[in-house]
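Structure for this input, please:
(one chain, ligands or ions: 1)
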Amino acid sequence: MSDTLFITGATSGFGEACARRFAEAGWKLVLTGRRAERLNALCAELSKQTEVLGLVVDVRDRKAMEEAIANLPPSFATLRGLINNA
Ligand SMILES: NC(=O)c1ccc[n+]([C@@H]2O[C@H](COP(=O)([O-])OP(=O)(O)OC[C@H]3O[C@@H](n4cnc5c(N)ncnc54)[C@H](OP(=O)(O)O)[C@@H]3O)[C@@H](O)[C@H]2O)c1
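Numbering: from 1, shown residues only. Model (predicted):
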């Protein structure tokens with residue numbers, strides 16, 4: 001099982017660039033952002049390289065973030081790294 005990396009704010013900028021780089025390196029990714037269309041498009045693209053889970057969530061919503069993390073599917077639940085970019 002490869003390592004899972006959690007990146008907040010992956011729909012543009014540094015977060016998106018990190019997602020691309022770590023996908024190339026074979027990491028499984030959990031990606032977040034508020035703009036669902038952009039997040040889904042990125043997940044669809046990167047899923048050709050690795051396992052990717054996209055979560056549409058606002059990092060300012062603490063409860064939603066806690067729920068999202070608590071309910072990660074088992075194959076993504078063991079996080080190895082966090083890029084808290086958003
Ligand atoms: N660019 C620079 O020169 C620079 C320099 C130093 C530090 N930084 C820092 O690096 C980080 C990223 O910068 P960037 O230039 O890559 O910015 P960016 O292109 O605006 O990207 C920000 C990302 O964060 C997400 N985001 C913003 N607010 C969010 C929220 N409340 N909940 C969830 N996601 C949220 C955005 O996605 P959605 O809109 O889809 O939610 C987007 O994916 C920021 O913290 C910035 O302050 C940037």
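
So what's the residue count around the nearest residue to residue 16 once chain neighbours are set aside?
Spatial nearest neighbour of residue 16, chain neighbours left out: residue 10 (5.5 Å); criterion: C-beta to C-beta, 6 or more residues apart in numbering. (Each C-beta comes from the backbone N, C-alpha and C, glycine too.) Per other C-beta atoms under 10 Å, the neighbour tally for residue 10 reads 30.

And the one 3 residues further on, by the same measure?
The tally of other residues near residue 13 (other C-beta under 10 Å) stands at 11.

for residue 42, same thing?
24.

For the closest residue to the ligand within the chain, which residues are in contact?
In the chain, the residue that lies nearest the ligand is residue 13 (2.0 Å; C-beta to the nearest ligand atom). Contacts for residue 13 (C-beta atoms under 8 Å, 6 or more residues apart in numbering) come out as residue 85.

swap in residue 4?
27, 28, 29, 30, 76, 77, 78, 79, 80, 81.

Excluding residues flanking it in the chain, which one is nearest it?
Using C-beta to C-beta, 6+ apart, the nearest residue to residue 4 is residue 28, at 4.3 Å.

so what's the one you found up against?
Residue 28 touches 2, 3, 4, 5, 50, 51, 52, 75, 76, counting by C-beta under 8 Å, 6+ apart.

Now with 6 Å, please.
Listed by C-beta atoms under 6 Å, 6 or more residues apart in numbering, the contact set of residue 28 reads 2, 4, 50, 51.
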